[in-house]
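Novice: Let's see this in three dimensions:
(chains A and B)
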Amino acid sequence: MSATTDAWLVLAMPLAGMLIIALGFKKLPGRSAGWIGTVAIAASFIFALDALIKLQALAPSHRELSSTLWSIANTVGVNANATLLVDPLSVFMICVVAGVSMLIHLYSVSYLKGDEGYARFFAYLNFFVFSMLLLVLAGNFVLLIVGWAFVGAASYLLISFWYRRTTATRAGIKAFVINVVGDVGLVLGTFFIFRSSHTLDLLATFHAAPHVFAKGSGNITAGCLLLLVGAFAKSAQIPLHTWLPDAMEGPTPVSALIHAATMVTAGVYLIARMHPLFQLAPAAETVGAIGGAVTLLVAGTIGLAAVDIKRVIAYSTMSQIGYMIMGVSVGAYSAGLFHLMTHAFFKALLFMGAGSLIGAMGGNQSLDRMSGFRRALPFTFACFIIGGLALSAVPPFSGFFSKDDILAQIGSRGGWYWALYVAGYLGALLTSLYTFRMIFRAFLGDPCPEASELIEHGHLFHPAQPTNPANGEVEDTEVGFPGPDHVIAERARAMQLAMGLLALLAVLGGVVGIPKTTTWLEKFLAPTFANSTLHLNPSNTLVYVGLVLGTVIGLLGIAIAWFVWVARPGLAPAVAKRLRFLDRLFENKWYFDELIDAVVVRPAAWFGRFAQGTFERLFVNGTLIGGTTAVVRAGSAAVRSAESGFVRYYAALLVVGLTAVGLYFLIQS
Amino acid sequence: MIAAAVHLHGPYINWAALSPISALLVGSVVVLLVGLLRPRFIREQIVPALTIAALGATIGLTIWQWHADTAVISGALAIDNLALIMTLIFATAGIAATLLSWRSVAPRASAHGDFYALMLGSITGMVVLVSAQNLVTLFVGLELLSIPLYVLCATEMHRAASLESGLKYLIIGSVGSATLVYGLALIYGATGATDFSAIASSINHGHSSDTLLLTGVALVVVGLCFKASIAPFHQWTPDVYEGAPTPVTAFMAVATKAAAFGVLLRVLDVMLIGERTNWKPALAALAALTIIVGNVGALGQASLKRMLAYSSVAQAGYILAGVAVATELGARATLLYLIVYLLMNIAAFAVIISRERATPYGDDIDSVAGLGSENPLLAWPLTIAMLALAGIPATAGFIGKFFLIDALVKGGYTWLAIVLVVGSVISLAYYLRVIAAVWMRPAPGPSMAAAAGLPVIAGGSPEADRVTGAEIELTVVAVVFAAATVFFGIVPQPLFDLVQHAAQTLSGAL
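Specialist: Down below sits the predicted model:
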């Protein structure tokens, strides 16, 4: 079995899992849907690992394999085939995606135990994994677009999973609409590239690119900028980021899988995958790098003010993806992907921990209400600490190596890139601040009533009446709502196993890329980026200074957080009062929702109402539709009345038609 | 004796190339004779089985002869890829029609042997028609195709509508044949040749604006348009389709249409290619008219068969548009659409026949109401067939229309492509109505069904129509053809390759 066969099997497993669960859910007993889903992804992961081993057995220059199963349309100038591209980058991605997905499936088996839509959830989740794997394995633009759009659809389905919650459905629609903006960008970008390259195949495009595009020419720049729109929308980068915090309405495993570990990193993957094109469009690279830098700072500041625990992690996700986007945009490809991997580990871990907390809080997600869970949930606390330290880039946790790798490579480019370098370290300070603000507020201090209930009675707090934490609506748990029953993550084996493994990975994940020591990941990915014209090689000084700086900043952030939220509990509100303006700015998420509302939504809605009142009602409905349907109806009546059933009339019409055709030809003669 | 035979200078006959036609003829005779045997089992089971065997053999021999590309019987017939791909279409339609007729009234009412022998005879005529290389063979093929069909339409003899349908088809069909033969005579008169290639070279040598020739072309085009039910020569279609036994309707809708377009391609793109500047605008106008008339006429029809009859008129317009551009791409699109049309139409008719037998509503749209909850295995094929006929992506219908539009735009007929799209938009109104009935309307209550009694419109008496047991063959046909519709909508490459081979036959002329 070759690596490409493995790749097809990697895709087939979640697809099969989805079909079995979706078609057989009525007959599947108990919790078997969850186990089927988990096993499908586990099988997928095993094939992914096998592909990795097979690929390593080949010579480095022969590690770009493509496999075509069938031709979708190979005619008149279009070559759309069902082609997978198996190279170190895609194999790296499928290993991360399938591996993390497997653990999150495992976690969900317990987490969603009491939910009405148990089988539906796993069918969606398997569909998502299939789409994501299709996206990263796609060997041409057609499959890439299909995977890209499927992933958006899966995200919509899962955000709106509790479909009776108005907040959830609205968040789902918002995510879908913004993602479609990204889809349009991707499709148009593909068009710009296809127009000159005349091929949809990725490898062929990359080979052709240097010959058909002049560096910085209009077509390639437009194409890459449009691809960037797709990447920004999918990866929640400013200004297309507003859907991500709202997406936290979905069940917590969804947030962990889709909105932290995998889907939102698709933009990073896209830029890394298209690097031969982006290197021909320096303007697009610059836009990407600056966009990433701005996002990482803005999201970090909002994370400082948010009180919903899942939203804090969501903003942190945005901020971390900002690092990755910045990294891959300046040419630090393997570093960006390294951070993608470590981030998947520790962010999924943090979300799982948050799920455990939310379960204990009876669905409530507000940090204002939580405190003192340290004794009630010691295992969760440990996981949070590990995840938090990794996120804050404290050595020797995984995030430390990956973040510093990105920043050192950015620094090595010199010039104005130093600004990005500074922004990166500023962001690092914000990261450890908001991370430990969250941890300290949730776990330290006096136990809140929910925490004491768990400590004293050994069972979870259940609200008397289930309500939507977002707006307090009373919920009917029979249909489409989260049930009140949550599993105590501490005691459910499946959840413990998933969290434990991720914690282990969050600690050890950095081993694959310790600078100047173990550069395994970089070496592994090297064949994909062999044709890169950028060779960033940070000097030893830069690397070591970076490591020290990163450690100091990370610890400094934690110390400040301790000082502000533990040692001097009254300090935070006082500072907020002093810096009224900043606090309001952060709390209102830099008014991005309002900005988009004012710039895009309101004018569009106003124009829509105007057009509806005038153009639509008078012209479209009255003239166009009314007129057309009247014409069609009249035509229909005429045709039917000609259909009298009498042969003599038919013969007459035959003669008329014959005469007309005959006359035409006679005139021609 | 043998020595004498050797010295006879009869035409050389390539039996291998002729074998698909021979298989059909032999099958026809065998079926007719076996049908004379008394035992019921032989007549009702063995005869259809033999029919299918003959058609299967034809398919096998056709595939064997693929790329044979040879002329047989002194150039009277050409066994080339165009003829062979059409043979495949006819034989597939024949197998489906046999399965659909297997347990229906029509063969029983007309002695099984006769029914299937006529069908095989008609298919033979189609193959001869699309292989024809001269005017005489063309006319022989056309008559061999038409006359059995007139009889087949009238096989449900106890039902007035069936007889009426046969009679109407006979009368108007004869007018069409007369027109055609008159046209053929004029062309012969103008060029002095009956052979297609001889006529083509004669036209190229300065006869292109001859009045006699052009009148002949007009009459030939009209005669063939009649068979293909192109407006305004389509008027027999709804009446005949509605009245004929439904399996026969299904057969006519796909096979006759394919034969008519096969011969149109051959006549126009080979024989009359020198006249193309003259016939292209005429055909384009006819195609536009047909698309509009067919789609508009199908609106508001309660009878599914009548609706599909008008829809087949509209689809004929789409296909004619592919012929009208007179490019190789157009020929390819035409052939592709014929294949696709076969798949989606047979699926739809299989479901309609099944509902005709199971409900008291005959072919009324009520018969499929609530089918979605009652029998998903029939509901899905019907849904897919309707979506494919409307040209929704992920079905083969989309690929077919897409290819046609591509050919039209590249051939300089953008306005016709726009008409095609507008027609498709209108068509959604009646195709979606069926889907809405299938999924969104409740099934009519059992009490209503009981009160209405057994099928009346389908033309059966209760005794004759008692078909007990699940009609597995109908479900199988529906599911297989619907699955193929979806499959080729996702993996159309095999079809692209197939029609490319077939259209290369014409590329020398184009």
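
Novice: okay, now whatever residue of the stretch 201-350 of chain A ends up closest to chain B: neighbour count?
Specialist: Closest residue of the stretch 201-350 of chain A to chain B, Cβ to the nearest Cβ: A:Asp201 (15.3 Å). The C-beta positions use only the backbone N, C-alpha and C, and glycine is treated the same way. Neighbour count of A:Asp201, defined by other Cβ atoms under 10 Å in any protein chain shown: 21.

Novice: which residues does it bridge with?
Specialist: With DSSP bridges as the criterion, A:Asp201 is bridged to A:Asn140.

Novice: Model confidence for it, exactly?
Specialist: What the model reports as pLDDT for A:Asp201 is 84.

Novice: And the strands in the stretch 1-150 of chain B?
Specialist: Using DSSP state E, counting those that start in this stretch, the strands of the stretch 1-150 of chain B run over B:70-72, B:77-79.

Novice: Compare these and give me the one nearest chain A.
Specialist: Set against chain A and scored by Cβ to the nearest Cβ, the strands of the stretch 1-150 of chain B come closest in strand B:77-79, at 26.0 Å.

Novice: quick one: contacts of the closest one?
Specialist: Applying Cβ atoms under 8 Å, 6 or more residues apart in numbering or on different chains, the contact partners of strand B:77-79 are B:14, B:17-18, B:20-21, B:65, B:68-72, B:83, B:128, B:131-133, B:137.

Novice: Please pick the buried ones from these.
Specialist: The neighbour-count test (16 or more other Cβ atoms under 10 Å in any protein chain shown) marks B:17-18, B:20-21, B:65, B:68-69, B:71-72, B:83, B:128, B:131-133, B:137 as buried among these.

Novice: For the residue most central in space within chain A, list the residues it contacts.
Specialist: Chain A has A:Val264 as the residue nearest its centroid, 2.0 Å off, counting by Cα atoms, centre = their mean. Neighbouring residues of A:Val264 by Cβ under 8 Å, 6+ apart: A:234-236, A:244, A:258, A:317, A:321.

Novice: how about the residues of the stretch 401-510 of chain B near chain A?
Specialist: Taking Cβ under 8 Å from any Cβ of the partner chain as the contact definition, the stretch 401-510 of chain B meets chain A at B:403, B:406, B:410, B:426, B:490-493, B:496.

Novice: So which of those belong to strands?
Specialist: Among those, the subset assigned to strands under DSSP state E is empty.

Novice: and the two most separated of those residues?
Specialist: Greatest spatial distance in those: B:Ile426 and B:Gln493, 30.8 Å, computed using Cβ to Cβ.

Novice: Which one of these two is surrounded by more residues?
Specialist: Higher neighbour count among B:Ile426 and B:Gln493: B:Ile426, with 21 against 17, using other Cβ under 10 Å.

Novice: tell me the contacts of the residue lying closest to the more buried one once chain neighbours are set aside?
Specialist: Excluding the flanking residues, the one nearest B:Ile426 by Cβ to Cβ, 6 or more residues apart in numbering or on different chains is B:Asn295, at 4.3 Å. Contact analysis of B:Asn295 by Cβ under 8 Å, 6+ apart lists B:310-311, B:314, B:423-424, B:426-427.

Novice: Can you tell me how far B:Asn295 is from B:Ala436?
Specialist: Distance of B:Asn295 to B:Ala436, given as Cβ to Cβ, to the nearest Å: 18 Å.

Novice: residue ranges with poor pLDDT in chain B?
Specialist: Scanning chain B for pLDDT under 70 picks out B:1-11, B:207-208, B:445-470, B:507-510.

Novice: redo that, cut-off 80
Specialist: Applying pLDDT under 80 to chain B picks out residues B:1-13, B:73-75, B:206-209, B:443-470, B:505-510.

Novice: For chain A, which helix or strand comes out least confident on mean pLDDT?
Specialist: Lowest by mean pLDDT, DSSP states H and E among the helices and strands of chain A is strand A:65-75, with a mean of 73.

Novice: I'd like the next helix or strand past that one.
Specialist: Per DSSP states H and E, the first helix or strand lying C-terminal to strand A:65-75 is strand A:78-86.

Novice: Between strand A:78-86 and the next helix or strand after that next one, find me the angle.
Specialist: Sequence order places helix A:88-111 as the next helix or strand after strand A:78-86, per DSSP H and E. Here the directions of helix A:88-111 and strand A:78-86 differ by 70 degrees (axes from the mean of the first three to the mean of the last three Cα atoms, to 10 degrees).

Novice: List the buried residues in helix A:88-111.
Specialist: A:88-111.

Novice: Just the CA trace of that helix, in PDB.
Specialist: Provided in PDB are the C-alpha atoms of helix A:88-111 (Å, rounded to 0.1, in the frame of the first residue of the first chain):
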ATOM      1  CA  PRO A  88       5.100  16.400   3.600                       C
ATOM      2  CA  LEU A  89       2.800  19.400   4.100                       C
ATOM      3  CA  SER A  90      -0.400  17.500   3.500                       C
ATOM      4  CA  VAL A  91       0.800  14.500   5.500                       C
ATOM      5  CA  PHE A  92       1.700  16.800   8.400                       C
ATOM      6  CA  MET A  93      -1.700  18.300   8.200                       C
ATOM      7  CA  ILE A  94      -3.700  15.100   8.100                       C
ATOM      8  CA  CYS A  95      -1.700  13.700  11.000                       C
ATOM      9  CA  VAL A  96      -2.500  16.800  13.100                       C
ATOM     10  CA  VAL A  97      -6.100  17.000  12.000                       C
ATOM     11  CA  ALA A  98      -6.900  13.300  12.300                       C
ATOM     12  CA  GLY A  99      -5.000  13.000  15.600                       C
ATOM     13  CA  VAL A 100      -6.600  15.900  17.400                       C
ATOM     14  CA  SER A 101     -10.000  15.000  15.900                       C
ATOM     15  CA  MET A 102      -9.700  11.500  17.300                       C
ATOM     16  CA  LEU A 103      -9.100  12.800  20.800                       C
ATOM     17  CA  ILE A 104     -11.900  15.300  20.500                       C
ATOM     18  CA  HIS A 105     -14.300  12.600  19.300                       C
ATOM     19  CA  LEU A 106     -13.300  10.600  22.300                       C
ATOM     20  CA  TYR A 107     -14.000  13.500  24.600                       C
ATOM     21  CA  SER A 108     -17.400  14.100  22.900                       C
ATOM     22  CA  VAL A 109     -18.500  10.500  23.500                       C
ATOM     23  CA  SER A 110     -18.900  11.500  27.100                       C
ATOM     24  CA  TYR A 111     -19.500  15.200  26.900                       C
END
